[in-house]
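Asks: Give me a model of this one.
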Amino acid sequence: MTEYTKGLHEVADHVWGWLAPDGSWGWSNAGLIEGDRASFLVDTLFDLPLTAEMLAAMSEITDRSPITDALNTHANGDHCYGNQLLAPEVRIHATPLCRHEIHDVPPAMLHQLTTTDLGPELTPYVRRMFGAFDFSDITLREPDAGFETEATVTAGGREVRLVPLGPAHTGGDAVAYVPDAGVVFAGDLLFIGGTPVTWSGDLNGWIAACDTMVGWDPAVVVPGHGPVTDASGVLEVRGYLTHVRDGLDASIRAGWSWQEAADRIDLGPYARLPDSERIVITAYNVYRTRGVDQDESSVMDLVVQMSAWLRGRDAALS
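Replies: Down below sits the predicted model:
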């Protein structure tokens, strides 16, 4: 299996994954598929310096096989904020919902969040999440082309299947499947070694997306975060999602609020996963998608709740 170290790794014949340990908040993976004198890029990164570093590392390949097309697997900034560094002629593909959601959290919001004093408890938490990234001078470039059903893009004679599998992690998730290599670039449908989070998607849809990917029996799966895996990694994530879905559905039946559900849920074997406070966001969005009455929470509200959840968990363990 591919070593989980920072940089470009060939995961199959003329297919590379860009890996960014440790895979926590903002440290995302990307990919490159080379055909005959043309290449296909899967995702950009969270800021311009990181994206420039990645593109420079790919230059030995892209000098002979320039990037002609790219995919944004979804609208989270760590998979699209670097779009502006792609050449104007590169055609960026995404689902229609991704193209809509890409404006929900603009770079300026994260820049303000990481440069403002939010108090003695929240400031360290936010800066631990996002303080390593530079959100200044980012001009958000939208995807150029939308696809609602599976589409095939040919890069130098090599087929890349773009498959919409949302709503799941977000509303507009998609994956890139390279059938001749048995490689799937899963975006944030996969967090390997970390806690998945449902921002604006649906857990049932996410579980179905995992089933779809397993059905392809891929030899290699490059997750959005974490080390390279195969179908077994997809099943591990599916196990977390099923466990959380069943726990939150039980909380709804018990009449608990989403905050109570996030505090009381037994995460079982998944309790020690890094970034486990993400259950706060998932609980909020599961209740929303189930149509349970609740107050509207902003991104900042949810960050505050996650910080408080983490302090409560740490206090309980001490």
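Asks: how about residue 137, what does it touch?
Replies: Applying CB atoms under 8 Å, 6 or more residues apart in numbering to residue 137 gives the contacts residue 48. In short, each C-beta sits where N, CA and C put it, glycine included.
Asks: Can I take it that it is in a strand?
Replies: No. Read with DSSP: H, G, I helix; E, B strand; the rest coil, residue 137 is coil and lies in no strand.
Asks: State the pLDDT value of it.
Replies: For residue 137, the pLDDT comes out at 93.
Asks: Next: residue 315.
Replies: At residue 315, pLDDT is 65.
Asks: Residue 18 in helix, strand or coil?
Replies: Going by three-state DSSP: residue 18 is strand.
Asks: meant to ask about residue 160
Replies: Classification of residue 160 by three-state DSSP places it in strand.
Asks: Could you count how many residues lie near it?
Replies: Residues near residue 160, counting by other CB atoms under 10 Å, number 25.
Asks: For the stretch 101-250 of the chain, which segments are assigned as helices?
Replies: Secondary structure of the stretch 101-250 of the chain (DSSP state H, counting those that start in this stretch): helices at 107-115, 122-130, 203-215, 231-253.
Asks: what about residue 314, neighbour count?
Replies: Neighbour count of residue 314, defined by other CB under 10 Å: 10.
Asks: quick one: contacts for it?
Replies: Under the criterion of CB under 8 Å, 6+ apart, residue 314 has no neighbours.
Asks: Secondary structure element holding it?
Replies: helix 299-317 (DSSP states H and E).
Asks: What residues sit buried inside that helix?
Replies: Within helix 299-317, the residues scored as buried using 16 or more other CB atoms under 10 Å are 302-310, 313.
Asks: Lowest pLDDT pick from these?
Replies: Of all of the buried residues of helix 299-317, residue 313 carries the lowest confidence score, 78.
Asks: Spit out the contact partners of that residue.
Replies: Residue 313 is in contact with 276-277, counting by CB under 8 Å, 6+ apart.
Asks: All set now, cheers.
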